[in-house]
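J.: Give me a 3D structure for the following:
(3 chains)
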Amino acid sequence: MVIAWAIGSLLLLLVLVGSYRTLAAGHYTGGQWFDFVVFGLAQGGIYALIALGYTMVYGVLRMINFAHGEVFMSGAFSAFFLANALARRGFLASNPVLSLLVLMAFAALVSMTIAVILERVAYRPLRGAPRLVPLITAVGASFFLQYTFRGLFGSGVRVYPTVPLLEGAIFGIQTKLIVVFLGALATLGILWAFLTFTRTGLAIRAVAEDMEAAALMGVDVNRAISSTFAVGGAMAGVAGVLYALVFAQVQFFMGFLPGIKAFTSAVLGGIGNLPGAALGGLVLGLVESVGPSLFLDGLGIPAAHQLKDVIAFTILVLILIFRPTGILGERLGSRV
Amino acid sequence: MRRALTFGLIGSIVAWHLSLVGLVAAFAERWLIGQSLTFSYVVLLALILLVGYLTARRVSDWTGLAGAALAGLVVGLALWILALIVTEVNLRDAFVAASPSLAQILTFDRGVSVPSLAILLLIGAATGLIGGGIAWIPATGRRIVIGALSVTVLVGLLRDVLGPVLPPFLMRFLFSPGGGLSLPGAVIVLGLAIAIPVMRSGLRMQRVRQKGVLPARVLRRRRLALRALGVVFFVSFPLWAKLFLSNVADFVGLYILMGLGLNLVLGFAGLLDLGYVAFFAIGAYSMAVLTSPELGAFTLGFWTALPIAVAITVFSGILIGLPVLRMRGDYLAIATLGFGEIVRLLVLSDWLKPHLGGAQGVTRIARPVLGPFVIDRPQEYYYLILIGCGLGWFLSVRLRDSRIGRAWMAIREDEDVAQAMGINRVTAKLLAFATGASMGGLSGALFASLVNSVIPQSFSLLVSINVVALLVLGGIGSLPGVLVGALALVGLPELLREFQEYRLLVYGAVLIAMMIFRPAGLWPEETRVRELEEAAEEARETARTGVVAASQDGV
Amino acid sequence: MLLEARKVTKRFGGVVALSDLDLQVEEQTIHSIIGPNGAGKTTFFNCVTGFLVPDEGEILLDSQPITGLRPDQIARLGIARTYQTIRLFRFLTVLDNVLIGLHPHVHYGILDAVIRSRRYHRSERAAAREARELLRYLGLAGKEFVVANNLSYGDQRRLEIARALALRPRLLLLDEPTAGMNPYETGQMITLIRRLRDERGMTILLIEHDMKVVMNISDLVTVLDFGEKIAEGKPAEVQANPLVIEAYLGRGAASGLGTIAAQAPRDESMPNASS
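T.: You can find the predicted model right below:
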C-alpha cells in the first residue's frame, strides 16, 4: 500500500508540474482552453448517459455489464441507416429538430431491445452465480455483439450525414456541441423524472435497495431488472446518436472506448450512485479533453493527444486502487 | 407443439444471424464431401440437427419426434423466406452479406421458387427428425454418433493439413481432388469413427465382466504408455508436419504457454486478469529492446536477453499486482484491463517512440544461436516453444500439488476463510500473479524472436480475450483443458482461413454458452479426484511391501 | 487467562454492535456466549479473528494484544473458528480442506515444491498423516477424497471443525455448531466438544442458541444483549438471573429458559434460510 501511495503522489506531482509548466509556457490561448472545456463537457454528457446504464445495472444486480458499450454502439449504428434515409429525402435538412428526435427515439429503441435480450439470454440464467461468471459472460456478449455488427454491416467506417442546422456556431461555440450537451442534460432529467414518478421507476429503486425484500413486497423482480436494462439501454441509444453528431462516424468497434470510459465515470462517481455517474461522466470528459494539453504538454511529451486514453485508463486504475467507492461514495440503493 | 414452434423460431433466428453475418456464405468454397456438400450446408444442417435434438429431448413419446420434424420444418421455411427477401429487396447497402449468392446457397442453387421451397421444407423436416432421433438413442450410443459425425467433419475440413502427411494412395482414395472427402472416403471415415469406439466399449465391458474393475496398476501402465506416445508425437511433430503446420503449432504453443500462465492466476487463484496481454507485450518488447540493433540501446544475444526479459515481466507482474490485489474480483478484472490498455497505448505513442519504436514497432530481433546453428525456421522454434510449454506445465503441476497451490485454491473458493486458515492472501496472490506473468513474458519473448519483429497491434485486448476464452472452453483450472482450448480456439481458426473473420464472434458465443451450459469446461479437472484415490491406493500397496512411498507424479 | 477482551466497542454507522464488552476466557474451559439475535455475538467473533477491527478497546491472547493484526496473523497465533453457516471449500476434497487448515504448519518454499525436495516430501507426508489422524478423530475416516459439497450436513459441520483443528489452535471459536442438527447429531456434537476440551486440552468459545446444549456443556456462560454483557456465570446462575429472563421474555417467550431455547429466534440457525 505504501508503494501504491508513493506512485499516486508521484503522479499527482507530475500533473501539477506539468500544468504549471504548460500554463507558464503559454502555448495555448484562452480561446483554445475554452474550446477544450466545451468539447469536454459535450463528451462528458455522452459519458454520463452511458455511465448511468452501468451504474443502474450494478445497483440492481451487482454486476458489471461489460457489453454496455456495445449496446451504445448498436444504437448509434442502427440510427445511421435511418439518418442516411432521412438525409437522402432531404428531411434531415428541412425538419432537423424532428429528425433528431426521431433518430434518438429509434436508437433508444434498438439499444433498449438489445439490452433487454442480452439480459434475458446471457445474464438471467446466471443470476446468483459467483461474481466472475456473469462478468465473463458479459465479456463474451460484448465481443459477440461487436462482431455480429461487423458481420452484418461490414468492418468499414460509415460516415454519418451532417445536419445542416448544427454546422454553425453560437457565441463562438459549435452549435452541435451545445445541442449535445443540452440533449444529454434533458435526457438525464427525463431519467430522473422516470425513476421518481413512475411505478416502474419505483420498482427499480426498490429492487436496487433490497432484491429479496422487494420480491416479498410483491415487486416483480424479473420485470424490474428487465426495465433497468431497458432504461439503461435507451440512455445508451440516445448517447449513441449524440456521439454520432459530434464525431460524425460509426464503426463496429466504436463502443469499446466510450464503454470503458463510461464505466470509469460510473466508478468515479461511486458505482450504484446515479448523480455520481452523471457527475463522473462530466469530470472525465473534461479531464480527458483538457488533460493532455494541460498536464502532458508541460512535461515535454510530444503528441500528447495520443495519450488521452492513457489518462482515462490511469484515472480508472487509480480510482479503483485508492477510492473504489468513488467521489460521492458508493450508494447501491439508487435513491435519486 | 408450442415447444416445437419455440425451438423452430429460435433456430430460425440463429439461422438468419449466421447467414446475415456472412458465416454461411464464407464456407461456400470449403467442400466437406467433394462437389456435393460444402461446409455452408454443414453449418445449416448441424443447426437444424441441434434444433431437432433439443426439441425431442426429454419428451419420451412420438410427439417428440414429430415436434423435432416440425421445428426443422420451421427453420427450413425461415431459410427460404430469407432467400426470398434477399433476392427481392436490395439490402446490400446495409447488410454486406445479403448478396444474391447467399440466396443461391440457401436454396441449394435452385433459386427462390416453389420447388426450392418444397426441398427446403423437406430437408428441414428430415434433418430435424434425425436430430430428434439422436435424442432417442441411449447416452453411450449418442456420444458415439455425435463423436463420429464430428470426426468426419473434422477430417473433411483438415484435408489440406492431412494432405502432406498421409501416403499419396490413401490421400487419393479418401479425398476428392477439388477439396473435401470423396464419397467413399466419407463413408469409410464415418464407419471407422463409429466402429472403433463401439468395439472398444464392447471390449471394456467384456473385460470388466471377467475381472471386475481394472486394477490400478494396469491403468497406470496404460497411462504411462499414452504419455510416452504423446512425447513421441510432440517431439517428432515438425519432422512430418512441414512448414505450414509447424507455423500453426508454434502459435498454438505460444497460446498454450499464455494459457498455462493465466490458468495459474484465474484457474488456481481465481483472479480474472483481463489485461494478461500486458505481460506478453512486456516480454516481447523486453526481448526487442534488449536485442534489436535498431534501437541501439542494447544488442544482447537471445540467450542473455531471455532470462532478463522474463525477469522484467515478473517484476512488472509484482508491480501491477501489488496495488490491484486488494480489489474485489470484478474490479480487479477491469483494473487489469486498464493496465493492459495503458501498456499498449504507451508502446504505440510517439512519446516513447525512440525507446520502443512507436507504431512501426521494432524489427531485427535476435535469433537464438546454438553453437554453429542459428534457430530461425518455425520447425526449429517449435522445439523452443515445446520446451517452454513443458516448463510451464511442469511448474503448474508442481505448484498445484503443494501448499502453495492449496493456498491459491483456498483463496479462489473463499477468501475470508482462507485468511482465517492463516493464509496471507496478498503474498499468495502476488505469487500467482508473478508466476503467471513469467509464463506470459516467456511466451512474448519467444514470440518476438519467432516473428523477428514486434508491432503494437499484436498486443491488443483481443489477445487477453483469446486466452480467457481458451481457458473457459477447456475448463478453468484444468491443465489438459488449456491444451484442448488452445487447439480449438487458436489451432482451428489458423487452419481454416475463412474462419478468421468470425473468430471473435465465435469466442463471444463460446464464452456465453460455456458459462451457461457447461461452466466446468470441456475437459474439467474432476479427473483429479480419481487420480488422488489411485495414488492413495498405490501408496498403501507400496507401504505394505515395505518400500518407501513412491512420489506420485502429477497429472 | 487465554483470551481477554477489554472494553471492546464496535459500531456500524449509528448501530452499536458491541459496547464496552469485557470478556475473559479461562484456559481449558468451554465458555458459551448466548443472547438474542443481533446481540453482537458473531460481531465479537469477527473482532477476535481480525475480520473486524474494534473501534475501541483491545483484545489480548495470552496477554499479547492482537487487535489490528491481520486475520491470517491471528490464525497463526492460535485462534481458529467455524461459521454459523457452514463455509467449507465446497469443491475441494475433504483431505484438501484439512490440508489447507494445516497451511501454517507445512514448511517449505516454492523451490522445494518445484523440485520436490526431500523436505517437500517429508512435510507433505507429515501433513497428510496429521490430516488423516484428525479426520479419524472426527469420524470422517474413509471420506478423504469425497468432495466436501457431497458430505452430509453433520459431516460438513465436523469437517469444518477438523479444518479448524488443523490450525492447531489454542482457542477454538464455534459459531452455533449444532444449528440445523437433529437431537441425535446434537448429542454427538456435545460429546465431541467435551472431548476436545478433555482429551486435547482445548479452550472453546461457543455461540449457541440451543439452551439444552449451553446448559449441558458450558463451564461459564456470558449473556449479551444489544452488544452489552448483561450476565455472566455458571449455567445455573445465569438461568436464574432475572435480567436474562427479562431479555428473553421481552421478546415474547412465555416461560422458563428451557422453552426459550425452542422459541428464541431460530431463523439464523436454519441452514437453508440463511444461506
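
J.: what does the stretch 151-275 of chain C have sitting close to chain B?
T.: C:Arg163, C:Leu167 (CB under 8 Å from any CB of the partner chain). In this view, the C-beta of every residue, glycine as well, is placed from N, C-alpha and C.

J.: Break down the stretch 151-275 of chain C into its strands, ranges please.
T.: With DSSP state E, counting those that start in this stretch as the criterion, the stretch 151-275 of chain C has strands at C:171-175, C:203-207, C:220-225, C:228-233.

J.: Need these in CSV (columns: distance to A:Val57 and mean neighbour count).
T.: Below are these laid out as CSV (distance: least, CB to CB, whole Å; neighbours: other CB atoms under 10 Å in any protein chain shown):
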stretch, distance to A:Val57, mean neighbour count
strand C:171-175, 35, 24
strand C:203-207, 38, 23
strand C:220-225, 40, 23
strand C:228-233, 42, 18
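
J.: Reformat the ones you listed as TSV; add distance to A:Leu98 and mean pLDDT.
T.: Formatted as TSV, the strands of the stretch 151-275 of chain C follow (distance: least, CB to CB, whole Å; pLDDT from 0 to 100):
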stretch	distance to A:Leu98	mean pLDDT
strand C:171-175	65	92
strand C:203-207	68	92
strand C:220-225	68	89
strand C:228-233	69	87
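
J.: and whichever strand or helix holds A:Phe144, what does it pack onto?
T.: Assigned by DSSP states H and E, A:Phe144 falls within helix A:132-153. Helices and strands touching helix A:132-153, as assessed by 3 or more CB pairs under 8 Å, 6 or more residues apart in numbering or on different chains; DSSP states H and E, comprise helix A:68-88, helix A:96-118, helix A:256-268, helix B:2-20, helix B:329-348, helix B:461-474, helix B:503-517.

J.: I'd like to know which of those is closest to C:Thr222.
T.: helix B:329-348 (37.5 Å; CB to CB).

J.: Would you mind pulling up the elements that the strand or helix carrying A:Leu318 packs against?
T.: Using DSSP H and E, A:Leu318 sits in helix A:308-322. Based on contacts counted as 3+ CB pairs under 8 Å, 6+ apart, the elements that helix A:308-322 packs against are helix A:2-25, helix A:256-268, helix A:274-291, helix B:302-324, helix B:329-348.

J.: So which of these is nearest B:Val490?
T.: Checking the helices and strands packed on helix A:308-322 against B:Val490 by CB to CB gives helix B:329-348 as the closest, at 18.8 Å.

J.: Only the buried residues of the helix or strand just after the closest one, if you could.
T.: Using DSSP H and E, the helix or strand that follows helix B:329-348 in sequence is helix B:353-356. For helix B:353-356, burial by neighbour count (16 or more other CB atoms under 10 Å in any protein chain shown) applies to B:Lys353, B:Leu356.

J.: chain center to helix B:353-356, what's the gap?
T.: Centre-to-centre, helix B:353-356 and its host chain are 35 Å apart (CA atoms, centre = their mean, to the nearest Å).

J.: now swap in stretch B:471-478 and tell me
T.: The answer for stretch B:471-478 is 9 Å, by CA atoms, centre = their mean.

J.: Give me every residue in contact with that stretch, excluding its own residues.
T.: A:136, B:259, B:262-263, B:266-268, B:480-486, B:488-489, B:510-511, B:514-515, B:520-525 (CB atoms under 8 Å, 6 or more residues apart in numbering or on different chains).

J.: Let me know the angle separating the helix holding A:Leu318 from helix B:329-348.
T.: Angle between the axes of helix A:308-322 and helix B:329-348 is 150 degrees (criterion: axes from the mean of the first three to the mean of the last three CA atoms, to 10 degrees).

J.: and the helix or strand in which C:Leu99 is found, C-alpha only, in PDB?
T.: For C:Leu99, the host element (DSSP H and E) is helix C:94-101. Coordinates of the C-alpha atoms in helix C:94-101 are reproduced here as PDB (Å, rounded to 0.1, in the frame of the first residue of the first chain):
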ATOM      1  CA  VAL C  94     -12.200 -33.400   2.400                       C
ATOM      2  CA  LEU C  95      -8.500 -34.100   2.700                       C
ATOM      3  CA  ASP C  96      -7.600 -30.800   0.900                       C
ATOM      4  CA  ASN C  97      -9.900 -28.900   3.200                       C
ATOM      5  CA  VAL C  98      -7.900 -30.200   6.200                       C
ATOM      6  CA  LEU C  99      -4.600 -29.700   4.500                       C
ATOM      7  CA  ILE C 100      -5.400 -26.100   3.900                       C
ATOM      8  CA  GLY C 101      -6.000 -25.800   7.600                       C
END
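
J.: pLDDT (mean, whole number) over it?
T.: Regarding helix C:94-101, the rounded mean pLDDT is 92.

J.: same question, stretch B:427-443
T.: Rounded mean pLDDT across stretch B:427-443 is 93.

J.: ok, that stretch near chain C or not?
T.: Yes - counting by CB under 8 Å from any CB, chain C has neighbours in stretch B:427-443: B:Leu431.

J.: And A:Val219, its phi and psi?
T.: Backbone geometry at A:Val219, expressed as degrees, to the nearest 10, gives phi -80, psi 130.

J.: Check the contact between it and A:Ile204; I expect there is one.
T.: No - the pair A:Val219 / A:Ile204 is not scored as a contact, 9.2 Å apart, by CB atoms under 8 Å.

J.: of those two, who's got more company?
T.: A:Ile204 (27 against 19; other CB atoms under 10 Å in any protein chain shown).

J.: Enumerate every residue touching that one.
T.: A:Met56, A:Val60, A:Leu195, A:Ala224, A:Ser227, A:Thr228, A:Val231, A:Ser334.

J.: Can you read off the pLDDT for the last one?
T.: At A:Ser334, the pLDDT value in this model is 36.

J.: try the fourth one
T.: The predicted structure scores A:Ala224 at 82 on the pLDDT scale.

J.: give me the residue from the stretch 201-350 of chain B nearest chain C.
T.: B:Gly270 (11.3 Å; CB to the nearest CB).

J.: Centre of the chain to stretch A:308-327, how far?
T.: Per CA atoms, centre = their mean, the displacement of stretch A:308-327 from the mean C-alpha position of its chain is 15 Å.

J.: phi, psi of C:Glu208?
T.: Residue torsions, per degrees, to the nearest 10, at C:Glu208 are phi -150, psi 140.

J.: Relative to C:Gln239, how far out is the closest residue to it other than its chain neighbours?
T.: Spatial nearest neighbour of C:Glu208, excluding adjacent residues (CB to CB, 6 or more residues apart in numbering or on different chains): C:Val214 at 5.0 Å. Distance check for C:Val214 against C:Gln239: by CB to CB, to the nearest Å, it reads 9 Å.

J.: And the two? Which one has more around it.
T.: C:Val214 (23 against 19).

J.: How are the strands of chain B distributed by residue range?
T.: B:31-33, B:37-38, B:362-363, B:369-370, B:373-374, B:453-454 (DSSP state E).

J.: For residue 171, give me its contacts.
T.: Let's take chain A. Neighbours of A:Phe171 in contact, by CB under 8 Å, 6+ apart: none.

J.: To clarify, I was referring to chain B.
T.: Contact partners of B:Met171, counting by CB under 8 Å, 6+ apart, are B:Leu162, B:Gly163.

J.: per-residue confidence for it?
T.: 77.

J.: Same question for C:Leu249.
T.: 61.

J.: which of the helices and strands packed on helix A:132-153 sits most buried?
T.: Across these, averaging neighbours per residue (mean count of other CB atoms under 10 Å in any protein chain shown) puts helix A:256-268 on top, at a mean of 27.

J.: helices or strands up against it?
T.: Using 3+ CB pairs under 8 Å, 6+ apart: helix A:256-268 touches helix A:30-61, helix A:68-88, helix A:132-153, helix A:274-291, helix A:308-322, helix B:329-348.

J.: Mean pLDDT added to the helices and strands packed on helix A:308-322, as TSV?
T.: TSV is the format used below for these (pLDDT from 0 to 100):
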stretch	mean pLDDT
helix A:2-25	76
helix A:256-268	87
helix A:274-291	85
helix B:302-324	90
helix B:329-348	85
